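**Q** No sequence on hand, only this structure:
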C-alpha cells in the first residue's frame, strides 16, 4: 500500500513539473515569442526581429525600410493581451514611435503567431505580414513620413516694420554622378552664380560635390527667387542640376543689418520657425497615397520684435557704404539703451562683427573718459586753465599734439575741443593707477552684457602703474581698447547721465554680467559742455549746422611708427548717441564726414 501511494505521488509530481515547465516557470509559448520579437524590434535589431518570423527575408526588407524612412529616435513595442487557440495565437502590440522634434506616433497593432512543427527552433514564431508594422499597411505598400514647413513669422523693428520676412528661395543642387561632363557643368554654374555670390567658383563646386556621398546632391547655392530668375536660362537645363523651392526669412537685401539680423534669425529660430506639420501615410508602388495614418498640422511661428529702427539702420548703412576702408557706425538710444542701428560697409563685413566685438585704440575720443576722471578725481573743471604746448615730455616719452598745435594756457574746454594730447597726457600722468579704469567703467567701458542673440564687447581699460602708460592711455593710445559698440555706450551714458544697458530684442531684457558704475552727474554736465565745444569751435565743426550735436573726434595710431591711424567720431544729438570708426582713415575727418551723412539723413 505504501509503495502504491509513493508511485501515485511521484506521478502527480511529474505531471505538475511538466505543466510548470510549460507555463508557470517560463517556456517558449506564444507570449514569449511575441515578447522576444517586440524586444528585438524595439532595440533596433530589425534582422533579429525578422529571424523570429516565418518569413525572415520579407520581414527584414520591410522592417529595415520602415526604420530608414521614419528614422525614429526610439521605438517602443509593448506586448498586450495574448489569445491562444490550438496552434495559432494573436498578441496585441502597443507601438510608440518617437520621430524626434516632438513628433510621437502611437497606435495599437496586432501580430499573429503559429506553432512551429517540430525542429530545434522556437515552438512559436511570428506569422509575418505587413500588418505587423501597422494594421493598415498592405502588401506592395510602404510607409512615408512627410513634413509640411510652418509659416515662419517675421522679425519687425521698433515700429512694427518688417525686417525679416518669408521670402521665396530656390536651392540649386548638383548630382555629380548625373552631370556627365562635370568640369563643363561646374564651369557654367560658376559663371552664372559668381556675380551673385563671389565665393562660388568651379573649384568650390567641384570640391563640394566630391565631398557629398554618392546618391546625394550637393547644395551649390540658395538664391532669392528674383536672383534665380536672372540666371535660370543659363543653368536650368544643365545635366545633373536640379532645383527645389522653399521660403526663408530674409532681409530686404542680403547686406541689411548683416551683423544683427542673421544672429537674431539663428538665436530665435524656435520662436520664428514654428513647428512643422508632419504625417505618416501608406503609399503604393507608384507613390500615390493610399491612407494617411497620422497627421499633425503645422503651427506657425510667432513674430519677434527688435528695437532696431529700419530708417536709422538704412541711414547708417548709406553713411558708411561710400568708404573704401572698413567703416562702421553704432547708434544707441540713451533713454532706453535700445540699439537702433549697427552698420558696417562691405569691407568691414568681410572681417566679421567689428562694430560689436572689434577692439581698437579709441584715440582722442577717450579724452571723454580722461576729462571725467580729471574733474571727479583731480579737482579740474571745464574752465580750469591748463597748458597745451606743442609737445611735452612725460617719463622720457615725448608726447606731441597733432600738427604740433600750441595753444599756450587755455581753459580745459578749449584744450578738449582742439584735442590737445599734451594736456590730457599730463592729466593722466597725475591720476591714480586705476583712475581711468574707474572713470571708463562709469561710462560703460569695461561693463559686460549678455545681449540676447548678440556677442558684444565694450572695451578694456587696465590699471596703469607706469606713469608713461597712464599718459598714453589718457589720450586713447597705450593699452586702452574699445569697440564702436562700447564707445556708443560712452556717448549714450554722457547723454543720459546714468549707466545705459543695451537692449535688442523686445521682451527679452539684456542680462548685465559686469555693471557700469553711476557717474557723478555734476561732472557729466561739464563733460557735455566740453563735447558741445568740439562741434562749435573744435575738431568737429563741420557738424555745427546739424542741430545740438555734442561729440569728440579721435585719431588713433594703429602702428608703432605712426604710419597708420584710425578715425573716430563719438557723440550724440538729443536721444540719439553714436560712434563711428573708419579703420585706417588716417585722421578723424572721414569719421566726422560719415557722422554728418548719418545725421543729415535722420530727423533731428
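**A** Done, it's in. Please read these numbers as outputs of a predicted model, since none were measured by experiment. Numbers count the residues shown, from 1 in each chain.

**Q** From the chain's centroid, how far away is stretch 395-402?
**A** Remark: stretch 395-402 is offset 45 Å from the chain centroid, using Cα atoms, centre = their mean, to the nearest Å.

**Q** what does stretch 451-459 give?
**A** Between the mean C-alpha point of stretch 451-459 and the mean C-alpha point of its chain there is a distance of 12 Å (Cα atoms, centre = their mean).

**Q** How about residues contacting it?
**A** Judged by Cβ atoms under 8 Å, 6 or more residues apart in numbering, the contacts made with stretch 451-459 from elsewhere in the structure are 260, 263-264, 266-268, 339, 353, 356-359, 362, 440, 444-449, 480-483, 485-487, 489, 502-505, 508, 510. Using the backbone N, CA and C atoms, a C-beta is placed for each residue, glycine as well.

**Q** same thing with stretch 287-294?
**A** 105, 107, 134, 136, 138, 141, 143-144, 279-284.

**Q** let's see 10 Å
**A** Here stretch 287-294 makes contact (Cβ atoms under 10 Å, 6 or more residues apart in numbering) with 97, 99, 103-107, 134-138, 141-146, 278-284.

**Q** dump the residue contacts of the closest residue to residue 182 other than its chain neighbours.
**A** Spatially, and ignoring its direct neighbours in sequence, residue 182 is nearest to residue 176 (5.8 Å; Cβ to Cβ, 6 or more residues apart in numbering). Applying Cβ under 10 Å, 6+ apart to residue 176 gives the contacts 182, 185-186, 205-206, 208-210, 212, 214, 216-218, 240.

**Q** Residue 495 now?
**A** With contacts defined as Cβ under 10 Å, 6+ apart, residue 495 is in contact with 332-335, 524, 528, 531, 550, 571-577.

**Q** what about burial for those residues, which qualify?
**A** Listed as buried from these are 332-334, 524, 528, 531, 550, 571-574, 576-577; burial here means 16 or more other Cβ atoms under 10 Å.

**Q** Can you tell me which of the residues you listed is nearest residue 50?
**A** For residue 50, the closest of the buried ones among the contacts of residue 495 turns out to be residue 332, at 65.2 Å, with distances computed as Cβ to Cβ.

**Q** after the strand or helix carrying residue 266 comes which helix or strand?
**A** For residue 266, the host element (DSSP states H and E) is helix 261-267. Per DSSP H and E, helix 261-267 leads on to helix 269-273 as the next helix or strand towards the C-terminus.

**Q** Let me see the ranges of the strands in the stretch 201-350 of the chain.
**A** 218-224, 241-250, 277-283, 289-296, 304-305, 327-332, 339-344 (DSSP state E, counting those that start in this stretch).

**Q** Quick one: list the elements packing against the last one.
**A** Contacts defined by 3 or more Cβ pairs under 10 Å, 6 or more residues apart in numbering; DSSP states H and E place strand 339-344 against helix 310-320, strand 327-332, helix 354-357, helix 484-496, strand 576-582, helix 589-601.

**Q** between the ones you listed, which gets nearest to residue 78?
**A** Residue 78 lies closest, by Cβ to Cβ, to one member of the helices and strands packed on strand 339-344: helix 354-357, at 53.0 Å.

**Q** what about the residue nearest to residue 137 when sequence neighbours are not counted, how many neighbours?
**A** Leaving aside its chain neighbours, residue 137 sits nearest to residue 130 (4.3 Å; criterion: Cβ to Cβ, 6+ apart). Counted with other Cβ atoms under 10 Å, residues neighbouring residue 130 total 20.

**Q** tell me the phi and psi of residue 130?
**A** phi -60, psi -30 (degrees, to the nearest 10).

**Q** what about it, distance to residue 447?
**A** For residue 130, the distance to residue 447 under the criterion Cβ to Cβ, to the nearest Å works out to 65 Å.

**Q** cool, and residue 198?
**A** Between residue 198 and residue 447 the distance, using Cβ to Cβ, works out to 38 Å.

**Q** rewinding a little: can you pick the most crowded of the contacts of residue 176?
**A** For the contacts of residue 176, neighbours were counted using other Cβ under 10 Å, and residue 186 has the most, 27 neighbours in all.

**Q** and it, what does it touch?
**A** Contacts here follow Cβ under 10 Å, 6+ apart; on that basis residue 186 touches 174, 176, 179, 200-209, 220, 238, 240-241.

**Q** Now it: which helix or strand?
**A** helix 182-193.

**Q** Can you point out the buried residues in that helix?
**A** Of the residues in helix 182-193, those with enough neighbours to count as buried (16+ other Cβ under 10 Å) are 182, 185, 186, 187, 188, 189, 190, 192, 193.

**Q** same check, this time on stretch 248-266
**A** Within stretch 248-266, the residues that count as buried by 16+ other Cβ under 10 Å are 249, 250, 251, 256, 257, 258, 259, 260, 261, 263, 264, 265.

**Q** Quick check: the two most widely separated of those residues?
**A** The widest separation within the buried residues of stretch 248-266 (Cβ to Cβ) is 16.5 Å, between 249 and 259.

**Q** Look at the closest residue to residue 348 other than its chain neighbours and say how many residues are nearby.
**A** On the basis of Cβ to Cβ, 6+ apart, the spatially nearest residue to residue 348 that is not a chain neighbour turns out to be residue 326, at 4.0 Å. Residues contacting residue 326 under the criterion other Cβ under 10 Å number 23.

**Q** before we move on, what about the one 5 residues further on?
**A** The burial count assigned to residue 331 is 27, neighbours taken as other Cβ under 10 Å.

**Q** Ok, residue 432 next?
**A** Residue 432: 14 surrounding residues under other Cβ under 10 Å.

**Q** What of residue 398?
**A** Residues contacting residue 398 under the criterion other Cβ under 10 Å number 9.

**Q** What sits closest to it if chain neighbours are left out?
**A** Beyond its immediate neighbours in the sequence, the residue positioned closest to residue 398 (Cβ to Cβ, 6+ apart) is residue 391, lying 5.9 Å away.

**Q** how far away is that neighbour from residue 414?
**A** Applying Cβ to Cβ, one obtains 18 Å for the distance of residue 391 from residue 414.

**Q** More neighbours: which of those two?
**A** Taking residue 391 and residue 414 together and counting by other Cβ under 10 Å, residue 414 has the greater number of neighbours (21 against 12).

**Q** Could I get the contacting residues of that one?
**A** Listed by Cβ under 10 Å, 6+ apart, the contact partners of residue 414 are 382, 383, 385, 386, 388, 407, 420, 423, 530, 533, 537, 538.

**Q** swap the cut-off to 8 Å and go again
**A** Under the criterion of Cβ under 8 Å, 6+ apart, the contact list for residue 414 reads 388, 407, 533, 537.

**Q** Distance-wise, check the residue lying closest to residue 330 once chain neighbours are set aside relative to residue 225.
**A** Of all residues beyond its chain neighbours, the one nearest residue 330 is residue 488 (4.1 Å), with distances taken as Cβ to Cβ, 6+ apart. With distances defined as Cβ to Cβ, the gap from residue 488 to residue 225 amounts to 37 Å.

**Q** Which one of those two is surrounded by more residues?
**A** A count of neighbours by other Cβ under 10 Å puts residue 488 above the other of residue 488 and residue 225, at 32 against 13.

**Q** Tell me if I'm right that that one and residue 569 touch.
**A** No: with contact taken as Cβ atoms under 8 Å, residue 488 and residue 569 are classed as non-touching, separated by 10.9 Å.

**Q** Overlap of the contact sets of those two?
**A** Applying Cβ under 8 Å, 6+ apart, one finds that residue 488 and residue 569 are jointly contacted by 578, 579.

**Q** quick one on the thing from earlier: from the contacts of stretch 287-294, which ones fall inside strands?
**A** Among the contacts of stretch 287-294, DSSP state E puts 97, 104-107, 142-146, 278-283 in strands.

**Q** Just the buried ones from those residues?
**A** When burial is judged by neighbour count using 16+ other Cβ under 10 Å, the buried members of the ones in strands among the contacts of stretch 287-294 are 97, 105, 142, 143, 144, 145, 278, 279, 280, 281, 282.

**Q** Right, I'll leave it there.
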